[in-house]
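> Dropping the sequence and predicted coords here.
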Amino acid sequence: MADQDLALHWEASSVIRSRFRRSLPWLQWPYTKKSDEVEEDEETNPKQHPVCTKSVELNADALLSVLEHFEGGFADIPKLQAEVRVLYQLMKHDVKDAKQSSYLDAWDLRRLYTFCFRRQLDTTKRGQQPRDPKVRLLFKKIGEFRKCWEEERASWDTFESSGSFSWDDNEACYEQVDESDGSGLAAPPPKPTPEPVAHAEPPLNALKEAAASPTPIKPLASSPSLESLANQFAKLDLGIEMSSQQQKNLCELLSQIEMMEASKSETQQSIDRF
């Protein structure tokens with residue numbers, strides 16, 4: 001059914017229209033004795049809306065329309081609430097809070113709708129038949145939906161057990177058939193192999209010229225002697241008193257740093273050459 005068709009089916013029911021004309025709730029419930037301790041409105045008190053076979057019998061017309069609209073599937077509360085509000089507009093039904101009233105009616109319909117499936121399965125197992133003709137029709141349609149679901153499930157189980165298909169993760173299902181006879185689906189195409197990334201290489205002539213005239217590499221500067229570094233350090237007036245051994249250790253450290261800088265410069269020249 002299309003959108004708002006459910007409200008139109010409710011509006012076409014003579015039983016529902018009669019209830020609106022008499023200013024009665026369009027969803028009826030069996031009478032229950034009220035408690036003296038709880039004084040609440042009957043329309044908002046869930047204890048006054050019992051889910052039972054009698055409630056299904058009183059609201060069979062509305063439930064039949066819901067079953068046909070959702071085709072035996074899940075009844076969505078926002079969808080039901082929107083259809084109930086459309087019904088209010090069609091019947092020119094004025095309520096204090098249409099949003100709350102439609103929400104409560106939608107939940108009552110959903111509770112009865114799910115109860116119908118449980119009750120229909122129970123009566124089928126027991127071999128019973130409801131006395132009300134509308135409830136019998138409702139349970140008959142639910143049984144037809146169950147039969148269709150069982151047939152679909154059996155066909156899938158047979159198809160799976162026959163081994164005529166293969167299932168790969170994150171891929172579609174393909175039949176394992178010969179492509180020459182043209183029957184069934186073709187096998188999935190092979191996955192493309194990634195092509196190697198081509199790196200840019202210098203021309204051969206440029207390499208030959210570079211090899212013929214290599215760039216001269218500067219020789220590594222000889223490290224200064226420790227005595228010369230000690231003499232230079234002694235001339236500096238840093239205001240720090242250091243022993244001769246400490247001065248010698250500091251000079252060795254400075255010498256190593258200078259040799260590392262020279263080695264780094266030589267390596268960079270070799271890289272720039274190529």
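Happy to help now that I have it. Numbering: from 1, shown residues only.

> In three-state terms, label residue 92 for me.
Classification of residue 92 using DSSP: H, G, I helix; E, B strand; the rest coil returns coil.

> Also residue 75?
Criterion first, three-state DSSP; result for residue 75: coil.

> residues near it, how many?
19 (other Cβ atoms under 10 Å). Every residue, glycine included, has its C-beta placed from N, CA and C.

> Next: residue 251.
20.

> Repeat that for the one 4 residues further on.
Using other Cβ under 10 Å, residue 255 has 15 other residues around it.

> again, but for residue 113
The burial count assigned to residue 113 is 20, neighbours taken as other Cβ under 10 Å.

> could you pull out the helices for the stretch 51-200 of the chain?
Under the criterion DSSP state H, counting those that start in this stretch, the stretch 51-200 of the chain contains helices at 53-58, 60-70, 77-90, 98-126, 133-161.

> Quick one: closest of the ones you listed to residue 246.
Across the helices of the stretch 51-200 of the chain, residue 246 has its closest neighbour in helix 77-90 (83.7 Å, Cβ to Cβ).

> That closest one versus helix 60-70: what angle between them?
120 degrees (axes from the mean of the first three to the mean of the last three Cα atoms, to 10 degrees).

> pLDDT weak spots in the stretch 151-274 of the chain?
159-160, 162-242, 266-274 (pLDDT under 70).

> domain parsing for this protein?
Split into domains by automatic domain parsing, the chain comes to 5-33+41-161, 214-273.

> Most tightly packed of those?
Among the domains of the chain, domain 5-33+41-161 has the highest mean neighbour count (mean count of other Cβ atoms under 10 Å), at a mean of 15.

> so how far does that domain reach from one end to the other?
41 Å (Cα to Cα, to the nearest Å).

> Can you check which of the helices of the stretch 51-200 of the chain gets nearest to residue 12?
helix 60-70 (8.8 Å).

> contacts for that closest one?
1, 5-6, 9-10, 13, 15-16, 26-27, 56, 75-76, 80, 109, 112-113, 116, 132, 134-135, 137-138, 141-142 (Cβ atoms under 8 Å, 6 or more residues apart in numbering).

> what angle separates that helix from helix 133-161?
In terms of direction (the same axes, to 10 degrees), helix 60-70 departs from helix 133-161 by 20 degrees.

> average pLDDT across helix 60-70?
For helix 60-70, mean pLDDT is 94.

> Send me that helix as PDB with only the CA atoms.
The C-alpha trace of helix 60-70 is given here as PDB (Å, rounded to 0.1, in the frame of the first residue of the first chain):
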ATOM      1  CA  ALA A  60     -10.300  -6.900  14.000                       C
ATOM      2  CA  ASP A  61     -11.100  -4.400  11.200                       C
ATOM      3  CA  ALA A  62      -8.200  -2.100  12.200                       C
ATOM      4  CA  LEU A  63      -5.900  -5.100  12.500                       C
ATOM      5  CA  LEU A  64      -6.800  -6.500   9.100                       C
ATOM      6  CA  SER A  65      -5.900  -3.200   7.500                       C
ATOM      7  CA  VAL A  66      -2.600  -3.100   9.400                       C
ATOM      8  CA  LEU A  67      -1.800  -6.700   8.300                       C
ATOM      9  CA  GLU A  68      -2.400  -6.000   4.700                       C
ATOM     10  CA  HIS A  69      -0.500  -2.700   4.800                       C
ATOM     11  CA  PHE A  70       2.700  -4.100   6.200                       C
END
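
> Go ahead and confirm residue 54 touches residue 30.
Yes: using Cβ atoms under 8 Å, residue 54 makes contact with residue 30 at a distance of 4.4 Å.

> Now distance to residue 22 too, for the helices of the stretch 51-200 of the chain, in a markdown table please.
Formatted as a markdown table, those follow (distance: least, Cβ to Cβ, whole Å):
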| stretch | distance to residue 22 |
| --- | --- |
| helix 53-58 | 15 |
| helix 60-70 | 16 |
| helix 77-90 | 16 |
| helix 98-126 | 17 |
| helix 133-161 | 20 |
